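Q: just need the structure, nothing else, for what follows:
(chains A and B)
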Protein chains: 2
Amino acid sequence: MKIAVDGFGGDNSPSAIVEGCILALNELDVNIVITGKKHMLEEELKKHNYDISKIEILDAEEVIECNEEPVRAIRRKKNSSLAKALNLVKEKEADAVISAGSTGAFMAGATFIVGRIKGIDRPALAPVMPGKNGPFMIIDCGANAECKPPYLVQFATMGSIYMENIMGMSNPSVGLINIGSEEEKGNELTKAAHKLLKEAPVNFKGNVEPRDIPRGDTKVLVCDGFVGNTVLKMYEGVASTLFSTLKDGMLSSTRGKIGALMLKPIFKKFKKDFDYKEVGGAAFLGIDGICIKAHGSSDAKAIKNAIKQAKIFHDNGVVEKIKEKIEQNKE
Amino acid sequence: MKIAVDGFGGDNSPSAIVEGCILALNELDVNIVITGKKHMLEEELKKHNYDISKIEILDAEEVIECNEEPVRAIRRKKNSSLAKALNLVKEKEADAVISAGSTGAFMAGATFIVGRIKGIDRPALAPVMPGKNGPFMIIDCGANAECKPPYLVQFATMGSIYMENIMGMSNPSVGLINIGSEEEKGNELTKAAHKLLKEAPVNFKGNVEPRDIPRGDTKVLVCDGFVGNTVLKMYEGVASTLFSTLKDGMLSSTRGKIGALMLKPIFKKFKKDFDYKEVGGAAFLGIDGICIKAHGSSDAKAIKNAIKQAKIFHDNGVVEKIKEKIEQNKE
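A: Residues are numbered from 1 along each chain as shown, chains lettered A, B, ... in the order given. A predicted model of the protein is given here:
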């Protein structure tokens, strides 16, 4: 398979992106097209040893920055590294696209350039998160700030197929993020979505209260993009605030420093267990092609993991399986 | 002042409730009416030394449980400890009411029995949370799953008055919880509310992304009750999951146990800094009376703090100040 990688997205581009591609080439049977400023990418490639038949550069002069208005940026910058990578998938010259750049521009570009799967009303951003009892998915995490109840059923369907095929979970459980466990709790959206999900061909377990999300017991959590993005950012924010506070405390005394030293292996394992870079990028599901959004702060290993994720996505025919299921559900 | 305390709400009632009342009597110049099953309350009171002229019991045979449908429960159980406490405020026989019982029943009862302040469309639940850089309020945290933009301006107004008068903050900053920092980000509600808040007579600082909430830099955070409740429960859930995971790690080796012992004072201080029981109960703002919802797991100290909070509320005339401000804003 051939994977298009946006060489100029993310905090550490292009060096970490190029390095991630090389790591992937050495581990996986894939071909890579990397898009972006040719001379800079060539300079980066020179630093590595690799099979030159496996990687090519597609020159792209423009870069979409994270502070640009996404829709305008993707429409105007047709020669950007992101637009060119997306076009390769549209033209079937690549099987997947990966970017660590602007989430908004990536989502807009995927929708406008590659296009939606027929029968999917709204594609959704679906990261897999680390939970105490294993990974879980939140879908949608920000593509759709406003949702109608049937969208959430489509999210549940796509998320279940993903978790089954990419994460190897059999009949993954589905939950609706809601502010109470009872069916009649919540807002208009969740009340209506609950009724639809009960009838849908997914393994629906009912409402999941935000308090229980970090446990990771329910594998596909559906919600509108406003709530999903809030949950995602609270997860990051609470964890980082608590740890920076603890760290300040530990560094403020000798006893604290010694204790911190003793606990170093535990903190390290903990950090690894709750590191979303380990889980890969966020899939943008509902697009008629494989789109993986890597975290903006991705290092080479995270890029390599996103490429691996795209390969599993492709090898398992996840897009085709979503299409089949959506057809079936219509009947 | 006289404070009505629901003797039969919360996990530790009636013993912790009674003990909390006694602690308050010994520290503050207040009178207390405690509602609930008379013989049980008398038994509890016998365990303590106190000025009998300062406390009275109002017999109430019924108890509203947390799993009951709130509106039905408050309407049917007119002889419940909660309904009787609320009636005392309605009849001006008490100046404030405190309950650690069902949040839903308390909110429904406060609205139906005590009533709203004229000009307030929707009362809102407004807990003060511990943040890294000091306490902050989230309003609404669950009273209104659906909100219209003007409600959020009323929340901002009430929250600002509260933080100024109860927490002693001068001109507290106000933020709108949103999934992006730019004005045009978010859903229909936040986009419209942002415009209104810019024009409102509050110290509006713009959007606050959920990632930054735990820092506590912005003092009054407004949002609809679905989002607020999600934020609140994520705060609790992420913190407790991370710590239980860390604890499991520390207990799994001798080195971990020693490290944990070394860090005990830091963990203890940390726990205290992030303990919402220290901050008191959640005010139910917009009600024409003082209503404080104490946490369900309140111990005696938390109940005492809630009583203290009600006294500051009363002494500073917060309800009257909200009324004045709402009148002014109308003009």
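
Q: strands along the stretch 101-250 of chain A, start to end?
A: A:124-126, A:128-129, A:136-139, A:173-177, A:203-208, A:220-222 (DSSP state E, counting those that start in this stretch).

Q: among those, which comes closest to chain B?
A: Among the strands of the stretch 101-250 of chain A, the nearest to chain B by C-beta to the nearest C-beta is strand A:173-177 (7.3 Å). (Glycine included, C-beta is placed from N, CA and C.)

Q: for chain A, give me the ranges with low pLDDT.
A: Scanning chain A for pLDDT under 70 picks out A:276-279, A:331.

Q: partners of the residue nearest the centre of it in the sheet?
A: Using C-alpha atoms, centre = their mean, the residue of chain A that lies closest to the mean C-alpha position is residue A:282, 0.4 Å off. Beta bridges link residue A:282 to residue A:293, judged by DSSP bridges.

Q: my guess is it contacts residue A:127, does it?
A: Yes - contact criterion C-beta atoms under 8 Å: residue A:282 and residue A:127 qualify, at 3.6 Å.

Q: give me the common contacts of the two.
A: Counting by C-beta atoms under 8 Å, 6 or more residues apart in numbering or on different chains, the residues touching both residue A:282 and residue A:127 are residue A:141.

Q: could you dump the strands of the stretch 101-250 of chain A into CSV with mean neighbour count added?
A: Below are these laid out as CSV (neighbours: other C-beta atoms under 10 Å in any protein chain shown):
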stretch, mean neighbour count
strand A:124-126, 28
strand A:128-129, 23
strand A:136-139, 29
strand A:173-177, 25
strand A:203-208, 19
strand A:220-222, 30
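
Q: any chance of these in JSON lines, with distance to residue A:58 too?
A: Formatted as JSON lines, these follow (distance: least, C-beta to C-beta, whole Å):
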{"stretch": "strand A:124-126", "distance to residue A:58": "25"}
{"stretch": "strand A:128-129", "distance to residue A:58": "29"}
{"stretch": "strand A:136-139", "distance to residue A:58": "31"}
{"stretch": "strand A:173-177", "distance to residue A:58": "39"}
{"stretch": "strand A:203-208", "distance to residue A:58": "42"}
{"stretch": "strand A:220-222", "distance to residue A:58": "35"}
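
Q: could I get those strands as JSON lines with distance to chain B?
A: Below are the strands of the stretch 101-250 of chain A laid out as JSON lines (distance: least, C-beta to the nearest C-beta, whole Å):
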{"stretch": "strand A:124-126", "distance to chain B": "12"}
{"stretch": "strand A:128-129", "distance to chain B": "11"}
{"stretch": "strand A:136-139", "distance to chain B": "11"}
{"stretch": "strand A:173-177", "distance to chain B": "7"}
{"stretch": "strand A:203-208", "distance to chain B": "10"}
{"stretch": "strand A:220-222", "distance to chain B": "12"}
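
Q: can you tell me if the helix ranked longest in chain A touches chain B.
A: Ranked by residue count and defined by DSSP state H, the top helix of chain A is helix A:225-251. Yes - applying C-beta under 8 Å from any C-beta of the partner chain, one finds that helix A:225-251 is in contact with chain B at A:225-227, A:229-231, A:233-242, A:244-246, A:249-250.

Q: now the residues you listed: which count as buried?
A: Taking 16 or more other C-beta atoms under 10 Å in any protein chain shown as the criterion, what is buried in the residues of helix A:225-251 next to chain B is A:225-227, A:229-231, A:233-239, A:241-242, A:245-246, A:249-250.

Q: returning to what we had before: quick one: residues contacting the residue nearest to the centre of chain A.
A: By C-beta under 8 Å, 6+ apart, residue A:282 lies in contact with A:125, A:126, A:127, A:128, A:141, A:292, A:293.

Q: how does it look with 7 Å?
A: Listed by C-beta atoms under 7 Å, 6 or more residues apart in numbering or on different chains, the contact set of residue A:282 reads A:125, A:126, A:127, A:141, A:293.

Q: how about residue A:37?
A: A:8, A:61.

Q: distance check, it against chain B.
A: Using C-beta to the nearest C-beta, to the nearest Å, residue A:37 is found at 28 Å from chain B.

Q: any part of stretch A:254-273 near chain B?
A: Yes - Stretch A:254-273 reaches chain B (C-beta under 7 Å from any C-beta of the partner chain) through A:255, A:256, A:258, A:259, A:262, A:263, A:266, A:269, A:270.

Q: residues making contact with that stretch?
A: A:130, A:249-251, A:278, B:245-246, B:249-250, B:255-256, B:258-259, B:262-263, B:266.
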